[in-house]
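> here's my sequence, what's the structure:
(chains A and B)
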Amino acid sequence: MSQGTLYDKVWDRHKVTTLPNGQDQLFVGLHLIHEVTSPQAFGMLRERDLEVARPDLTHATVDHIVPTADQSRPYSDDAAEEMMAELEENVRDAGIEFDDPTTGNQGIVHVIGPEQGITQPGKTIVCGDSHTSTHGAFGALAFGIGTSQIRDVLATQTVAMEKQQVRKIQVDGELGEGVEAKDIILEIIRRLGTEGGVGYVYEYAGEAIENLDMEGRMSICNMSIEGGARAGYVNPDETTYEWLAETDYFQEHPEEYDDLKPYWESIRSDADAEYDDVVTIDASELDPVVTWGTTPGQGVGIHDPIPAPEDLAEDKQDTARRAQKHMRVEPGETMEGYDIDVAFLGSCTNARLPDLRRAARIVKGRQVADDVRAFVVPGSQRVQQAAEEEGLADIFREAGFDWRNAGCSMCLGMNEDQLEGDEACASSSNRNFVGRQGSKDGRTVLMNPRMVAAAAITGEVTDVRDLKEVTVA
Amino acid sequence: MSSGDPTEEIPEVDYVEGTGIPIRGNDIDTDQIIPARFMKVVTFDGLGQFSFFDLRFDDDDNEKDHPMNEERFQDANIMVVNNNFGCGSSREHAPQALMRWGIDALIGESFAEIFAGNCLALGIPTVTADHETINDLQQWVDDNPDGEVEVDVAAETVTYGGQEVGVSVDDAQRKALVDGIWDTTALMKANEQAIAETAANLPYVTGD
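Residues are numbered from 1 along each chain as shown, chains lettered A, B, ... in the order given. Next up is the predicted model:
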């Protein structure tokens, strides 16, 4: 078993006891909730006559069902309105802080936690959402839970877990031009498989990770779950601390920053930490990665041939055949030139300010292809506002993008933003599962946000390095 | 089962018997098990009918070829699946939908972690075996839809067609199911003093 890693240290600090079933009971430092997975848990609490133990350590937002166009209440979708009303009632009754859209702080749960400074190194963070792994970018131990576990956390502020193994993923070298954090994580999942991380927590380390900004680290940790790892993290460093210092929380509590920093430094993995496994990747060899199939592990470099199913591991062949039929691609082809109908720039993976800035540099002065509908859904109201103030929104609008309000949107198609029929979508999101974007015949190609911008302009999957970037203010 | 009367005894799940249904394919994600549009609800009631909806019905709601549509599997309660079943979204709606369709246990090559945890919280075992064992069992269930399958969680065996095969059950899962301690709320709530002490030792937790 691992020793001296951040995971070991944070686990030990939060361990309450070992339960009779052999699992450990862990204290939860921050419980994030949203409208889709929490209502049933509140219902279970009521049935058992239990109260929320720590509303002060619980924080709510609305993201999955929120409309991104017309947000006037009641929502035009009755089911969405009912879910929103239920959340409003639950948080009011329990005294939980709620970033509803009237606050200016609403957004995707994995965007708002970090931007407000409540996501911190050395915290345990849970949410009824598998992309909770995002918060590991700050050196938090963060993972998704199911609704019965949400009930546990609401009732006790603890969760029952089994300790996992730790795999260090060492990403050496420097990223080439046009290659981003998203490409690193797609490559990791391609190599290790969608189930390769089951039983593991991923520690992302090495020069290429250290050189990333916090948003890039979040993109990587976000998709840990697509590789089967329930949690992934990066050891906190000066980049982390500088980011935190600028957040509301530490602007309002500067004394806590000084008090907590020694703790943050103490939970970093030791230089001689022991890992259960180590994998090394050379970032300098990477091209932009796009997916050709229907799992996030089915990725390929933009100029590389789509693999023949029979050349893959035996247990991957059947999935690959079905995926190639669904996507209508042939082995030996590249994804370059694959026609797209929709370009979606959004999601908890890639809808933060630097993502939008990079995409805007591709879009500026160009026009979205005639037959493509393209839209930007900022990750939060704060991202939205900042992007509007910087002029990014105008750049996207002038190019023919729809500029929307914050939410999960077409990442999972729980609001009005959905693929129709067999539309193909260049998407900065995290899952290309069949049906994921709202149409069971829809086709999703995952890629980094600049690649989405390029695809929107040309109407096909394009190597963004072929388009000259334009400086934006 | 997991909710309801707080004084209700948590049942021990050391043994599940019934008939099987094979669901073939690796990497079956929870978006396939329950598409997101059926999650616009505030309870889990009624989710069973939407299990695998897009694989079972076409655009006009006509049935497609799928084991869950076949008459011979309508009473099945043990689902036999392949590799990385339940990957993707953490939605507990997925095992809730399968449970409400009638599934009491899953046997597979491997399960995604969050999915297996969600199953445990509902008292549903997720037992594993190698590819060949699963393949044989899927074929047998296909040929014998009325044939009895017995999952012995405690002994880590599956018995069918006069043969017994070894399977694996995660240690904590086995103990929780066999001892009837898979509903963790009460179990953890009992440790309030220790919870308070742990919190008091964390530098970032203020108040109580």
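> let's verify the spatially most central residue of chain B: helix, strand, or coil?
Taking C-alpha atoms, centre = their mean, the centroid of chain B lies closest to B:Cys119, which sits 4.0 Å from it. Under the three-state scheme (DSSP: H, G, I helix; E, B strand; the rest coil), B:Cys119 adopts helix.
> identify the residues contacting it.
Counting by C-beta atoms under 8 Å, 6 or more residues apart in numbering or on different chains, B:Cys119 touches B:Gly86, B:Pro95, B:Leu106, B:Phe111, B:Pro125, B:Thr126. Any C-beta I mention is one placed from the backbone N, CA and C, and that applies to glycine too.
> just the residues you listed that are near chain A?
With C-beta under 8 Å from any C-beta of the partner chain as the criterion, the contacts of B:Cys119 include B:Pro95 near chain A.
> ok, the residue nearest to A:Glu469 when sequence neighbours are not counted - contacts?
Nearest residue to A:Glu469 in three dimensions, chain neighbours excluded: A:Arg361, at 4.5 Å (C-beta to C-beta, 6 or more residues apart in numbering or on different chains). Contacts were defined as C-beta under 8 Å, 6+ apart; by that measure A:Arg361 touches A:Arg450, A:Glu469, A:Val470, A:Thr471, A:Val472.
> residues from the stretch 251-400 of chain A in reach of chain B?
Residues of the stretch 251-400 of chain A lying near chain B (C-beta under 8 Å from any C-beta): A:Glu256, A:Asp259, A:Leu260, A:Tyr263, A:Thr295, A:Gly297, A:Asp315, A:Lys316, A:Asp318, A:Thr319, A:Arg322.
> try 6 Å
Residues of the stretch 251-400 of chain A lying close to chain B by C-beta under 6 Å from any C-beta of the partner chain are A:Leu260, A:Tyr263, A:Thr295, A:Asp315, A:Thr319.
> how close does A:Glu180 sit to chain B?
According to C-beta to the nearest C-beta, to the nearest Å, A:Glu180 and chain B sit 23 Å apart.
> surely that residue touches A:Asn448?
Yes - counting by C-beta atoms under 6 Å, A:Glu180 does reach A:Asn448; the two are 4.4 Å apart.
> first to last residue in stretch A:441-452, what's the distance?
Stretch A:441-452 stretches 20 Å from its first residue to its last (C-alpha to C-alpha, to the nearest Å).
> oh, that last question was meant for stretch B:58-74, not what I typed.
Stretch B:58-74: ends 20 Å apart by C-alpha to C-alpha.
> the longest strand along chain A pairs with which strands, and in what direction?
Counting residues, the longest strand found in chain A (DSSP state E) is strand A:165-172. Strand pairing for strand A:165-172, using DSSP bridges, gives strand A:200-205 (parallel), strand A:277-282 (parallel).
> rewinding a little: of the contacts of A:Arg361, just the buried ones, PyMOL syntax please.
Selecting the buried subset of those in PyMOL, with 16 or more other C-beta atoms under 10 Å in any protein chain shown as the burial test, is done by:
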select buried, chain A and resi 450+469+472
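> what is the nearest of the contacts of A:Arg361 to chain B?
Using C-beta to the nearest C-beta, A:Arg450 comes nearest to chain B of those, at 25.4 Å.
> strands of the stretch 101-250 of chain A, start to end?
For the stretch 101-250 of chain A, the strands defined by DSSP state E, counting those that start in this stretch cover A:124-127, A:141-144, A:158-161, A:165-172, A:200-205, A:231-234.
> make CSV from those and add mean neighbour count to it.
Below are the strands of the stretch 101-250 of chain A laid out as CSV (neighbours: other C-beta atoms under 10 Å in any protein chain shown):
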stretch, mean neighbour count
strand A:124-127, 27
strand A:141-144, 28
strand A:158-161, 28
strand A:165-172, 21
strand A:200-205, 27
strand A:231-234, 29
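> can you list the ones you listed in TSV and add mean pLDDT and distance to A:Ile65?
Formatted as TSV, these follow (pLDDT from 0 to 100; distance: least, C-beta to C-beta, whole Å):
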stretch	mean pLDDT	distance to A:Ile65
strand A:124-127	98	16
strand A:141-144	98	18
strand A:158-161	97	25
strand A:165-172	98	34
strand A:200-205	98	30
strand A:231-234	98	26
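> and the ones you listed: which comes nearest A:Ile96?
Nearest of these to A:Ile96, taken as C-beta to C-beta: strand A:124-127 at 13.1 Å.
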